[in-house]
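Visitor: fold the following, please.
(2 chains)
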Amino acid sequence: MGAVPLLEITPMSLLEVKNLSVHFPVGRAGLGRTRQFVRAVDGVSFGIEAGETLGLAGESGCGKSTLGRAIARLIEPTAGTVLFEGQDLGKLKGPALREQRRHLQIIFQDPYGSLNPRMSIEDSVGEALDIHGLTENGSARRKRISDLLKSVGLDPACAQRYPHEFSGGQRQRIGIARALAVQPRLIICDEPVSALDVSVQAQVINLLQDLQQQHGIAYLFIAHDLAVVKHISRRVMVMYLGKIVEIADAASLVGSPRHPYTRALISAVPVLDRQSNQQRLLLPGEAPSPMHPPAGCPFHPRCADAQPRCQTEPPLLRALPCGHTVSCHLSQ
Amino acid sequence: MPLLEISHLKLDFVSGTYGARALDDVSLTVEAGETVCLVGESGCGKSITALSIARLLPEPPAQYGGGRILLDGCDILNASKRELVRIRGGVASYVFQDPATALNPVIPVGKQIRESLRLHRPEQATQREVIRLLKLVGIAAPESRAGSYPFQMSGGMQQRVMIAMALASQPKLLIADEPTTALDVTTQAQILDLLRELKDRLGMSMLLITHNLGIVAGIADRVAVMYAGQIVELSPARELLEAPRHPYTRALLASVPKLSGNGHRLAAIPGAVPKAGDFPAGCRFAPRCARARRECSESIPSLLEIEPKRWVRCPYWK
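Guide: Just a heads-up that it's a prediction; the model follows:
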């Protein structure tokens, strides 16, 4: 009898995304025209461990927000699976889906648009409690809301006020309190600080980090500002045209990027000390439309190192010995 | 004589009996060929300072309460309508933050550039000059692009068109109000390079308004930091970034995450930026300042020259 092959045992990830794709149809089919699709997210796979922060960086239109929403099924994915705590979110329905989704919350970019202007802060935060039936009676509800507001650094006496009475940073705190209300295990933060002033941005970043330490929440932190992403994340993932081009430890990704796009992205970030601004790699042109992605490697038309092979053969994500996972034929 | 000299400018926004002081004692110069950055957070008054230079703010509600703006020898606050028309575009041109709203959506971009030419250089309002300008700002295939509508262009290209339009009048001063804030970081790098290169090639001066301190490092000769309607620090760019003196500038620099950072907790500034009409008495930064003393909220500190060319609005900067 042969030896039974040992299954590789890995601790189950909190979130596992496998081959996730979101394609949006564009225009109309018929009369000899085939329907076109925008491949907003195209075959994306990654995992998030409990309590960690995974950063997701990329330029506008690369699909990072769509990916965030597709994970929570706010947008129905076209293909692929999302396993959250081992459960396939795509197969759940009704109350079971709602129960699972309780542990997966989203904070949005625009603190002006994401709060209902006609609901008091208490009702905005309390709505989540009501939906999931988390408090037994009125006084317990008030107590919980007051605790939540305190934990995000707001005065509980403000509970009866309305969103317009708060500044941008305070509104973002309210958004965070609302997400925290249901004790999530993962929060998808979609550009949570990019609408905020520089001096307030740091407050919200610190708050998110404190809450992670206290409650062990994992974050998928989506932002276009690489410095912010690097600061808050343990690992960082870079997207281009709907695909992941590189995943690595935050410091290593910024310090020695392997994918040519990551390199260009990092060198484009304006830095404070002029000396370290040695060689700027200016990317020619602009990202192509995700409706007509180039054949082969999606980055090849703008890549300085592109080889003939890059024009025809799409690169696969592969792990390099240095610990980076990169989709580039040329990275060693 | 500097190309632009703003001295002790005061600006209020008045509505009925309610008035709010938005700019207080703003003094700033831009020399010929110089790039000055105006840095600050939302509501600090950097954009209205810029708009005041060509008197583009509607009056009322805006009301100038004192001070002087001298642009290319013209006293802007006492200028006639005719002089202002000559100044606008002719001496100072603007590039705004959001090219998608600044461009007319129903007119091809070439025609919009030609409109600017017709106003300022009528003898050269030709298709050839339009194409030369589009080429100057780095638009590929300018002959065909001149016929495009704004919606057919990406944000970066639209901003290039805006710059071409601003340059059509051959201004002495280019005022760029957050020209790259709406753009992606790789496009931002392209536009900043373009601005830097054009400024040198055409011998213009530039006043660049931004909230991003990283941009300052790459482009500015001098920097003015604004907070709550006042300039709190004015200094050559490198000195300011290497050794900020005003507590606000220091706190701002410390609160920005850096690519080269080590992940230590950010030094956040407590509280929020005050709004016009709601500025605290005394030093306006005092309520958020870690080094504030009792005297700080009693009288407004004045802008003092602490070293040659370095001005700071804080008596306790040491």
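Visitor: quick one: the helices in the chain?
Guide: I went with chain A, as the question did not name one. In chain A, the helices defined using DSSP state H lie at A:64-71, A:94-101, A:121-131, A:138-151, A:168-180, A:198-215, A:226-232, A:250-255, A:260-268.
Visitor: chain B was what I was after
Guide: For chain B, the helices defined by DSSP H cover B:46-53, B:81-90, B:99-102, B:109-120, B:127-136, B:142-145, B:155-167, B:185-202, B:213-219, B:237-242, B:247-255.
Visitor: tell me which residue of chain A lies closest to chain B.
Guide: A:Pro270 (3.2 Å; Cβ to the nearest Cβ). Any C-beta I mention is one placed from the backbone N, CA and C, and that applies to glycine too.
Visitor: what is the burial count for that residue?
Guide: 22 (other Cβ atoms under 10 Å in any protein chain shown).
Visitor: per-residue pLDDT of it, please?
Guide: Model confidence at A:Pro270, given as pLDDT, is 81.
Visitor: same question, the one 10 residues further on
Guide: A:Arg280 carries a pLDDT value of 69.
Visitor: what of B:Ala182?
Guide: At B:Ala182, pLDDT is 77.
Visitor: now the nearest residue to it once chain neighbours are set aside: how far from chain A?
Guide: Closest residue in space to B:Ala182, ignoring its immediate chain neighbours: B:Asp98 at 5.0 Å, by Cβ to Cβ, 6 or more residues apart in numbering or on different chains. Per Cβ to the nearest Cβ, to the nearest Å, B:Asp98 is found 14 Å from chain A.
Visitor: now B:Ala251
Guide: For B:Ala251 relative to chain A (Cβ to the nearest Cβ), the value is 7 Å.
Visitor: contacting residues for that residue?
Guide: Taking Cβ atoms under 8 Å, 6 or more residues apart in numbering or on different chains, we find B:Ala251 in contact with A:Ser199, B:Ala267, B:Ile269, B:Arg288, B:Cys289, B:Ala290.
Visitor: looking at these, state which has the most neighbours.
Guide: Neighbour counts for the contacts of B:Ala251, by other Cβ under 10 Å, peak at B:Ile269, which reaches 26 neighbours.
Visitor: rewinding a little: pretty sure the residue of chain A closest to chain B contacts B:Thr210?
Guide: No: the pair A:Pro270 and B:Thr210 fails to qualify as a contact (Cβ atoms under 8 Å) at a distance of 9.4 Å.
Visitor: counting neighbours, what do you get for the residue nearest to B:Ala182?
Guide: Counted by other Cβ under 10 Å, the residues lying close to B:Asp98 total 17.
Visitor: tell me, what's the model's pLDDT at it?
Guide: 83.
Visitor: report the contact partners of A:Ala306.
Guide: Applying Cβ under 8 Å, 6+ apart to A:Ala306 gives the contacts A:Cys297, A:His300.
Visitor: quick check: the residue of chain B nearest chain A.
Guide: Counting by Cβ to the nearest Cβ, chain B gets nearest chain A through B:Gly214, at 3.2 Å.
Visitor: contacts only, for residue 205.
Guide: Going with chain A. Contacts for A:Ile205 (Cβ under 8 Å, 6+ apart) come out as A:Val193, A:Val228, A:His231, A:Ile232, B:Pro257, B:Leu266, B:Ala268.
Visitor: meant chain B, my bad for not saying
Guide: Taking Cβ under 8 Å, 6+ apart as the test, what B:Ser205 contacts is B:3-4, B:30-36, B:172-174, B:199.
Visitor: swap in 7 Å and give it another go.
Guide: B:Ser205 sits next to B:Leu3, B:Val30, B:Glu31, B:Ala32, B:Gly33, B:Glu34, B:Lys172, B:Leu173 when contact means Cβ atoms under 7 Å, 6 or more residues apart in numbering or on different chains.
Visitor: go on, A:Pro163?
Guide: A:Leu115, A:Pro117, A:Arg171.
Visitor: got a markdown table for those, with neighbour count, pLDDT and distance to A:His23 too?
Guide: Formatted as a markdown table, the contacts of A:Pro163 follow (neighbours: other Cβ atoms under 10 Å in any protein chain shown; pLDDT from 0 to 100; distance: Cβ to Cβ, whole Å):
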| residue | neighbour count | pLDDT | distance to A:His23 |
| --- | --- | --- | --- |
| A:Leu115 | 22 | 89 | 31 |
| A:Pro117 | 10 | 90 | 34 |
| A:Arg171 | 22 | 89 | 34 |
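Visitor: highest mean neighbour count out of the helices of chain B?
Guide: Comparing the helices of chain B by mean neighbour count (mean count of other Cβ atoms under 10 Å in any protein chain shown), helix B:155-167 ranks first with a mean of 24.
Visitor: that one and chain A in contact?
Guide: Yes: Helix B:155-167 reaches chain A (Cβ under 7 Å from any Cβ of the partner chain) through B:Gly156.
Visitor: could you check the angle helix B:185-202 makes with that helix?
Guide: Angle of helix B:155-167 versus helix B:185-202, following axes from the mean of the first three to the mean of the last three Cα atoms, to 10 degrees, is 20 degrees.
Visitor: what about helix B:155-167, distance to the chain center?
Guide: 17 Å (Cα atoms, centre = their mean, to the nearest Å).
Visitor: and that helix, what other elements does it pack with?
Guide: For helix B:155-167, the packing partners by 3 or more Cβ pairs under 7 Å, 6 or more residues apart in numbering or on different chains; DSSP states H and E come out as strand B:92-95, helix B:99-102, helix B:109-120, helix B:127-136, helix B:185-202.
Visitor: avg pLDDT for the first one?
Guide: Confidence for strand B:92-95, expressed as mean pLDDT, is 91.
Visitor: any idea how far B:Leu252 is from the residue positioned nearest the centre of chain A?
Guide: Central residue of chain A (Cα atoms, centre = their mean): A:Ile222, 3.8 Å from the mean position. To B:Leu252, A:Ile222 is 25 Å away according to Cβ to Cβ, to the nearest Å.
Visitor: and for A:Leu115?
Guide: 27 Å.
Visitor: same question for A:Leu149.
Guide: Between A:Leu149 and B:Leu252 the computed distance is 28 Å (Cβ to Cβ).
Visitor: repeat for B:Ala50
Guide: 20 Å.
Visitor: same question, B:Tyr227
Guide: 9 Å.
Visitor: how about A:Lys93?
Guide: Noted for A:Lys93: a distance of 50 Å to B:Leu252, by Cβ to Cβ.
Visitor: cool, B:Gly89 as well?
Guide: For B:Gly89 relative to B:Leu252 (Cβ to Cβ), the value is 33 Å.
Visitor: so for the nearest residue in space to A:Gly285 that is not next to it in sequence, what pLDDT did the model give?
Guide: Excluding the flanking residues, the one nearest A:Gly285 by Cβ to Cβ, 6+ apart is A:Arg302, at 5.6 Å. pLDDT, A:Arg302: 89.
Visitor: touching, A:Arg302 and A:Leu282? I think so.
Guide: No: A:Arg302 lies out of contact with A:Leu282 (Cβ atoms under 7 Å); the separation is 10.3 Å.
Visitor: more neighbours: those two, which one.
Guide: Comparing A:Arg302 with A:Leu282 by other Cβ under 10 Å, the one with more neighbours is A:Arg302, at 19 against 12.
Visitor: my read: B:Gln158 touches B:Pro150, true?
Guide: Yes: applying Cβ under 7 Å, one finds B:Gln158 in contact with B:Pro150, separated by 5.6 Å.
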